[in-house]
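# Dropping a prediction and its sequence here:
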Amino acid sequence: MNKNSKIYVAGHRGLVGSAILRNLQKEGYENLVLRTSKELDLREKNQVDTFFAEERPEYIFLAAAKVGGIVANNEFPADFIRDNLLIQTNVIDASYRYGATKLLFLGSTCIYPKMAPQPLKEEYLLTGELEPTNEPYAIAKIAGIKMCQSYNRQYGTKYISVMPTNLYGPEDNFDLQTSHVLPALIRKFHEAKESNLPFVEVWGTGTPLREFLYSEDLADACVYLMNNYSSDEMVNIGVGHDLSIKELAEKIKAVVGYTGEIKFDKTKPDGTPRKLVDVTKLNSLGWKATTSMDEGLTKAYQWFLEN
Ligand SMILES: NC(=O)C1=CN([C@@H]2O[C@H](COP(=O)(O)OP(=O)(O)OC[C@H]3O[C@@H](n4cnc5c(N)ncnc54)[C@H](OP(=O)(O)O)[C@@H]3O)[C@@H](O)[C@H]2O)C=CC1
Ligand SMILES: C[C@H]1O[C@H](OP(=O)(O)OP(=O)(O)OC[C@H]2O[C@@H](n3cnc4c(=O)[nH]c(N)nc43)[C@H](O)[C@@H]2O)[C@@H](O)[C@@H](O)C1=O
């Protein structure tokens, strides 16, 4: 990308899109195209075509998606598979038809089989059954990866796909019904502290292992790969180590300064037992995460307090 290349960040108000936007602005990219979902509903092909015909973006970061935590995915599977298939199909196809130079597609580590060996290598895709709580979402994401590869093969496009691990940071979703675990726990411990509640309820058994990447590190990796990577093969993005949900809850409890108890609600699903990504490929491409969990959590809690 040149500093004056026309760059469309789809989903620029979300956790990932807003971090990519801040990164591009900080790096001096000045020709950025942005639309909210109200201004441009990416599920609507006609709206997407009109937008691409008018703006003709050269580079596209596809960070617009229907996103949610374990319970939202489990309760609204039709919304997750439909919206994601529509958004990604419309944007990937219009990027080809309106001559975009390059597109970066954001997948997720839930595309890997539930019981795949750990750490998850890119080649484990489609080698086993998926985690049932997010299978429809994962299938939409797998379709996105295959669509990028197929367009590259048949039409000679330059589409790349990245698979980030669980993310957190500014502009995260803190709605307790639909959010991911990390923002949910920040809010739960904060509210329990403010109201002097005796305990905080954490979903599931606390034993699942998860890896967490700060959204600004992810954004840096995405911009780096857009500039330095061109291959059909997807790339995992993570930190290379994980912790249990119980350990995460204890860390967040300490950051917030809550002194009550933690209780586990075992009626809620645990989901995948573990999904630690192998970051060998990413590291060999010359990129490594830099924000530690302690630093990221402190920043995320600060953002929550200010916003
Ligand atoms: N959060 C996570 O832990 C992870 C996320 N990812 C991936 O990163 C990407 C971004 O996720 P994240 O930032 O967390 O999600 P958010 O929910 O924070 O943001 C999603 C963005 O998508 C936009 N959007 C949603 N529906 C539409 C639509 N119909 N038309 C146009 N825009 C729409 C929203 O725009 P608006 O604000 O204008 O409504 C919003 O800004 C997704 O592909 C997700 O799969 C991957 C791994 C982990
Ligand atoms: C990014 C990724 O995100 C999702 O997969 P997930 O990692 O299972 O998501 P999660 O963050 O919601 O939960 C992680 C773990 O944490 C436990 N947990 C405890 N207490 C709360 C809690 O209060 N809220 C939530 N949401 N989870 C909680 C929860 O029970 C689970 O064991 C998919 O949407 C998938 O599609 C996807 O891509």
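Received the coordinates, thanks. Numbering: from 1, shown residues only. Ligands and ions are numbered 1, 2, ... in the order given.

# Please point out which parts of stretch 231-244 sit buried.
Met234, Val235, Asn236, Ile237, Gly238, Val239, Gly240, Asp242 (16 or more other C-beta atoms under 10 Å). Quick note: C-beta positions are derived from backbone N, CA and C, even for glycine.

# ranges for the strands of the stretch 1-150 of the chain?
Secondary structure of the stretch 1-150 of the chain (DSSP state E, counting those that start in this stretch): strands at 7-10, 32-33, 59-62, 102-106.

# Can you say which of these is nearest to Cys148?
Of all the strands of the stretch 1-150 of the chain, strand 102-106 sits nearest to Cys148, with 5.2 Å by C-beta to C-beta.

# Make TSV out of the strands of the stretch 1-150 of the chain and add mean neighbour count, distance to Pro164 and mean pLDDT.
Below are the strands of the stretch 1-150 of the chain laid out as TSV (neighbours: other C-beta atoms under 10 Å; distance: least, C-beta to C-beta, whole Å; pLDDT from 0 to 100):
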stretch	mean neighbour count	distance to Pro164	mean pLDDT
strand 7-10	26	16	99
strand 32-33	18	21	98
strand 59-62	26	12	99
strand 102-106	23	7	99
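
# re the thing from before, could you single out the nearest of the buried residues of stretch 231-244 to ligand 1?
Ile237 (8.5 Å; C-beta to the nearest ligand atom).

# Quick one: residues contacting the residue nearest to that closest one when sequence neighbours are not counted.
Spatial nearest neighbour of Ile237, excluding adjacent residues (C-beta to C-beta, 6 or more residues apart in numbering): Pro164 at 4.4 Å. With contact taken as C-beta atoms under 8 Å, 6 or more residues apart in numbering, Pro164 is in contact with Val16, Leu106, Gly107, Ser108, Thr109, Leu213, Leu218, Asn236, Ile237, Gly238.

# And Gln88, by the same measure?
Leu62, Ala65, Phe105, Ala140, Ala143, Gly144, Met147.

# what do you get for Asn84?
Ala65, Lys66, Tyr137, Ala140, Lys141, Gly144.

# repeat that for 6 Å
Residues counted as contacts of Asn84 (C-beta atoms under 6 Å, 6 or more residues apart in numbering) are Ala65, Lys66, Ala140.

# okay, the nearest residue to it once chain neighbours are set aside: pLDDT?
Closest residue to Asn84 in three dimensions, ignoring its sequence neighbours and counting by C-beta to C-beta, 6+ apart: Ala140, at 3.7 Å. Here, the pLDDT recorded for Ala140 equals 98.

# Could you tell me how many residues sit around Ala140?
By other C-beta atoms under 10 Å, the residues close to Ala140 number 25.

# thinking it is in contact with Leu86, fair?
No - the pair Ala140 / Leu86 is not scored as a contact, 9.2 Å apart, by C-beta atoms under 6 Å.
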